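> Structure for this input, please:
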Amino acid sequence: MRELTRPESFVRPPAASPGDEVAVVAPASGLAAVYPDIIDLGVDRLRERFDLNPVVYPTAERGLEYLSEHPAERADDIHGAFRDPDVSAVFATIGGADQIRILKHLDPDILRENPTRFFGTSDNSCLASYLWGCGIVSYYGGTLMTDIATAGRLPAYNERYLRRALFDETLGSLDPAERWTDDPVDWADDDYADTDPAFEENPGWEWDGPAETVEGRLWGGCLSVLHGLLAGNRACPSPDAVEGSVLAIETSEQLPSAETVELMLSCMGERGLLGRFDAVLVGRPQTRTHEHDPGEDARETYRERQWTAVRDAVRRYNPEAVLVSGLDFGHTTPVAPLPIGDRVRVDPTTESVMFPS
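Numbering: from 1, shown residues only. Presented below is the predicted three-dimensional model:
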């Protein structure tokens, strides 16, 4: 499969309006079928908090083993949702590990002819990169189970930025959340919907590099998924395609070591990609799981070591790039859905990140 070239132009799919139908699909995995109560919670919040009419597609109700064996059906649901003139947004239920297998079943002409706002994180980086190659802006965030059906109350930060991503032309200014958490939640807990996780104060963003404002198209997602795309040679942009663009990366619940993060970025550098970006946005990493909580000091050390690994890898290939870390997107809570493929302005002089009109 050849590398993606830069599309001649990008389109922002039409904004949704209150009362619109939105699709719920499972292009990454069938984990949602294991937790139907969480899907119901997400659907209810789309209906009650956003005044939308969710339509649950067949893949969202299929189990893990079935969807794993039928990647073409996952692609068919994407096609169906994009082609439906009544559907103004498409929400992935959850991430997974093998969305790369649906890409060969996608028809780019169907997607280009019917641009629709797509929301999803983690393994949905595959589809975001594929849509980038089609010249369609999509949103890295807004995953139903993790970003909408959050434990306890829906964070105001999630709701504010998801409203912008759904109903506005652009996301506008991206601001740090006041508080954040990576407190592990249990979808099987009977009190899940009524129990807020433990939040902590946000220390803010950290900047590195020259004090020069840059602006470019956004590409990226979950680092391990991007690494898989490069290894499988699927939906990968060529170095020329990302010249002058901005890279967004974050790490998953697998908690990769700093050495692994540096290695994955080095592979991106050796492929000729890392040196072409003018700026890199780094999401705050998750630091603990149900199985392992190393404690506050070790969690802070993990974040510091990962940030150092990112800086070292990027500087090796791109000494002049602007870097900013600790942004609210990815696997922690709360999050803003970043518009992959849209233009973003990164300004170290005012320490601001803006998606202009």
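> Please enumerate the helices of the stretch 1-150 of the chain.
36-48, 64-69, 71-83, 108-113, 125-133 (DSSP state H, counting those that start in this stretch).
> Tabulate these (a markdown table), appending mean pLDDT, mean neighbour count and distance to residue 326.
(Glycine included, C-beta is placed from N, CA and C.) Output for the helices of the stretch 1-150 of the chain, formatted as a markdown table (pLDDT from 0 to 100; neighbours: other CB atoms under 10 Å; distance: least, CB to CB, whole Å):
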| stretch | mean pLDDT | mean neighbour count | distance to residue 326 |
| --- | --- | --- | --- |
| helix 36-48 | 98 | 18 | 27 |
| helix 64-69 | 94 | 14 | 33 |
| helix 71-83 | 98 | 20 | 32 |
| helix 108-113 | 98 | 14 | 33 |
| helix 125-133 | 98 | 28 | 20 |
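> Show me which positions of stretch 267-278 end up buried.
267, 268, 269, 273, 274, 275, 276, 277, 278 (16 or more other CB atoms under 10 Å).
> Can you give me the neighbour number for residue 195?
For residue 195, the count of nearby residues is 13 (other CB atoms under 10 Å).
> Leaving aside the residues adjacent along the chain, what's closest to it?
residue 152 (5.3 Å; CB to CB, 6 or more residues apart in numbering).
> so the one you found makes contact with residue 198?
No. Using CB atoms under 8 Å as the test, residue 152 is too far from residue 198 to be in contact (10.4 Å).
> got a list of contacts for the helix or strand where residue 159 lies?
Using DSSP states H and E, residue 159 falls within helix 156-167. The contact list for helix 156-167 (CB atoms under 8 Å, 6 or more residues apart in numbering) reads 15-18, 49-50, 52, 89, 117, 119, 139, 141-142, 147-148, 150, 170-172, 174, 177-178, 328, 333-337, 339.
> can you rerun that using 6 Å?
15, 16, 139, 142, 147, 171, 177, 334, 336, 337 (CB atoms under 6 Å, 6 or more residues apart in numbering).
> Report pLDDT for residue 218.
Note for residue 218: predicted pLDDT of 98.
> By neighbour count, which of the contacts of helix 156-167 wins?
residue 139 leads the contacts of helix 156-167 on contacts (other CB under 10 Å) with 30 neighbours.
> Run through the bridge partners of that one.
Per DSSP bridges, the residues bridged to residue 139 are residue 119, residue 339.
> Would you confirm that it contacts residue 337?
Yes. Using CB atoms under 6 Å, residue 139 is in contact with residue 337, at 3.8 Å.
> Need the residues touching each of these two.
Jointly contacting residue 139 and residue 337 under the rule CB under 6 Å, 6+ apart are 119, 165.
> if you count what's nearby, which of residue 152 and residue 198 comes out ahead?
residue 152 (14 against 8).
> distance of that one from residue 316?
42 Å (CB to CB, to the nearest Å).
> what sits against residue 314?
By CB under 6 Å, 6+ apart, the contact set of residue 314 is 280, 321.
> Looks like residue 306 contacts residue 258 (just checking).
Yes. With contact defined as CB under 6 Å, residue 306 reaches residue 258; the gap is 5.2 Å.
> Neighbour count for these two, which is higher?
residue 306 (23 against 20).
> which stretch of helix or strand covers the more buried one?
helix 296-317.
> partners of residue 280 in the sheet?
Bridge pairing for residue 280 - DSSP bridges - gives residue 247, residue 323.
> So what's the residue count around it?
Neighbours of residue 280 using other CB under 10 Å come to 25.
> mind checking pLDDT for it?
For residue 280, pLDDT reads 98.
> likewise residue 1?
60.
> for residue 185, same thing?
89.
> Identify the residue spatially nearest to it, adjacent ones excluded.
Per CB to CB, 6+ apart, closest to residue 185 is residue 151, 4.2 Å.
> Surely that neighbour touches residue 194?
No. Contact between residue 151 and residue 194 fails when scored by CB under 6 Å: they sit 8.8 Å apart.
> Between the two, point out the one with more neighbours.
Taking neighbours as other CB under 10 Å, residue 151 and residue 194 compare with residue 151 leading, 23 against 10.
> Just the element for the more buried one, please.
Applying DSSP H and E, one finds residue 151 in no helix or strand.
> Can you tell me how far it is from residue 306?
If you go by CB to CB, the gap between residue 151 and residue 306 works out to 25 Å.
> For the closest residue to residue 271 other than its chain neighbours, the count of nearby residues, please.
Distances taken as CB to CB, 6+ apart put residue 230 closest to residue 271, at 6.1 Å, once the chain neighbours are dropped. Neighbours of residue 230 under the rule other CB under 10 Å: 19.
> what's the pLDDT at residue 230?
Reading off the model, residue 230 has pLDDT 95.
> quick revisit: tell me the confidence at the residue nearest to residue 185?
97.
> Contacts only, for it.
185, 192, 195, 197.
> Among these, name the buried ones.
Among the contacts of residue 151, those buried by neighbour count (16+ other CB under 10 Å) are 185, 192.
> among the contacts of residue 151, which are in helices?
Among those, DSSP state H puts none in helices.
> Which other helices and strands does the host helix or strand of residue 354 contact?
Here residue 354 sits within strand 352-355, counting by DSSP H and E. Counting contacts by 3 or more CB pairs under 6 Å, 6 or more residues apart in numbering; DSSP states H and E, strand 352-355 packs against strand 343-347.
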